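Enquirer: here are the coordinates; sequence isn't available:
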């Protein structure tokens, strides 16, 4: 059995998901890493990628009627006083 979540985590560490990737593209990278993903397993891979979205690691968006997955962008908001103290924000 392919350790899909483990490989997805490794790809996240390697910044593979900085741009949106479809499950088929991810499966191709699995193959390059020595893990064969047959066409019947791509659905399972898509489920694992969706699970990573639910866990807050990835986000997904529809591109040309296919889900594409990318690294979740974390936004940090600070209040005006803290921004002023740090010297950031509008001047």
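Expert: In hand now; what should we look at? Note that the structure is predicted; figures quoted are calculated from it, not measured.
Enquirer: dump the residue contacts of residue 38.
Expert: By CB atoms under 8 Å, 6 or more residues apart in numbering, the contact list for residue 38 is empty. In short, each C-beta sits where N, CA and C put it, glycine included.
Enquirer: likewise the one 5 residues further on?
Expert: Residue 43 makes contact with residue 23, according to CB under 8 Å, 6+ apart.
Enquirer: Okay, buried residues for whatever helix or strand it lives in please.
Expert: Under the criterion of DSSP states H and E, residue 43 resides in helix 42-54. Neighbour-count burial for helix 42-54 flags 42, 45-46, 48-49, 52 (criterion: 16 or more other CB atoms under 10 Å).
Enquirer: So what touches the helix or strand following that helix?
Expert: Remark: after helix 42-54, the chain's next helix or strand is strand 58-63, criterion DSSP H and E. Under the criterion CB under 8 Å, 6+ apart, residues 8, 12, 17, 20, 22, 49-50, 52-53, 67-73 lie in contact with strand 58-63.
Enquirer: Just the ones of those residues in strands?
Expert: Under the assignment DSSP state E, the contacts of strand 58-63 contribute 22, 67-71 to strands.
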